[in-house]
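**Q** Need a 3D model of the sequence below.
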Amino acid sequence: MTTAQGRGRGRPSGSACEDTRERILAVAREHLAAKGFAGSSMRGIARDAGVDPSLISHYFGDKAGLVVATMELPVNPLERIETVFDGPLEDMGTRLIRTFLDSWDPHRDVFSALIRTTLGTGDPAATPILQVVRNVIVTRLSDRIGGDDAELRATLIASQLIGLASLRYVARLEPVVDASAETVARLYGPALQWLMLNRPSDGGSQSMEDESCGSTEEVRR
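**A** As a prediction, this is how the structure comes out:
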């Protein structure tokens, strides 16, 4: 006969599942606040929560997924950013901004609070947020764009998104706050694209060349 005691540290069933999940999240928050992303391990969290490490994988996938779950966000940014990697690199800047805004515009108040916490000082709750950005999103983005200074370029792209979010959701600066996601993506996407490709777009390069030639002609006259 299978009993709860027989299951031990294995996978719970029934009403115990939700309690187990919440216990894992509570322990994970403690570990992240004390040790940060890099210092926290799924095995250590499982030990203190009294569960098998495979149960954390079952509920949350990997450590990054566990960290995101501790934030209780209305959307999963890791899942959304993965969709951006589908398709050609050449238009990823526009797709990244469109996906970013489409994900968070319906949850402006939640993301405003998240940004305030992230940019605040002395709050342990900000540590896992920043470390997910650095250790997960930046890492995946840098692997995708490749080339020289990929990690730096990916970090700069992340900083651009945080800056955009600060203006749109926290400062609520006009006209950024009311502009459609499509308009912002169309206008701002090329700026991120420059960093992704590590070179100016053909249009920008040609424009600069034309201006340079025009200036030379004026000097000659």
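
**Q** so residue 150 touches residue 142, yeah?
**A** Yes: with contact defined as CB atoms under 8 Å, residue 150 reaches residue 142; the gap is 4.1 Å. Every C-beta, even on glycine, is put in place using the N, C-alpha and C of the backbone.

**Q** What residues does residue 184 make contact with?
**A** 97, 101, 164, 176 (CB atoms under 8 Å, 6 or more residues apart in numbering).

**Q** Turn these into CSV, including distance to residue 70, pLDDT and secondary structure.
**A** Shown next, in CSV, are these (distance: CB to CB, whole Å; pLDDT from 0 to 100; DSSP: H, G, I helix; E, B strand; the rest coil):
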residue, distance to residue 70, pLDDT, secondary structure
97, 27, 95, helix
101, 24, 94, helix
164, 25, 94, helix
176, 30, 97, coil
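
**Q** So which elements touch the longest helix seen in the chain?
**A** Longest helix in the chain, counting residues (DSSP state H): helix 16-39. Applying 3 or more CB pairs under 8 Å, 6 or more residues apart in numbering; DSSP states H and E, one finds that helix 16-39 makes contact with helix 42-49, helix 53-60, helix 63-71, helix 126-132.

**Q** Dump these to JSON lines, plus mean neighbour count.
**A** JSON lines is the format used below for the helices and strands packed on helix 16-39 (neighbours: other CB atoms under 10 Å):
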{"stretch": "helix 42-49", "mean neighbour count": "17"}
{"stretch": "helix 53-60", "mean neighbour count": "17"}
{"stretch": "helix 63-71", "mean neighbour count": "20"}
{"stretch": "helix 126-132", "mean neighbour count": "19"}
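
**Q** weakest of these by average pLDDT?
**A** The stretch with the lowest mean pLDDT among these is helix 126-132, at a mean of 64.

**Q** tell me which residues in the helix or strand following that one are buried?
**A** Using DSSP states H and E, the helix or strand that follows helix 126-132 in sequence is helix 138-145. For helix 138-145, a neighbour-count test (16 or more other CB atoms under 10 Å) marks 138, 140, 141, 142, 145 as buried.

**Q** any idea how far residue 134 is from the closest residue to the second one other than its chain neighbours?
**A** The spatial neighbour of residue 140 that comes closest, neighbours along the chain excluded (CB to CB, 6 or more residues apart in numbering), is residue 81 at 6.9 Å. The span separating residue 81 from residue 134 equals 14 Å under the rule CB to CB, to the nearest Å.

**Q** And residue 27, by the same measure?
**A** Look at residue 27 and residue 134: by CB to CB, they are 23 Å apart.

**Q** isn't residue 161 right up against residue 99?
**A** No: under the criterion of CB under 8 Å, residue 161 makes no contact with residue 99, lying 10.5 Å away.

**Q** In three-state terms, label residue 177 for me.
**A** coil (DSSP: H, G, I helix; E, B strand; the rest coil).

**Q** Need phi/psi at it.
**A** Phi and psi for residue 177, reported as degrees, to the nearest 10, are phi -70, psi -30.
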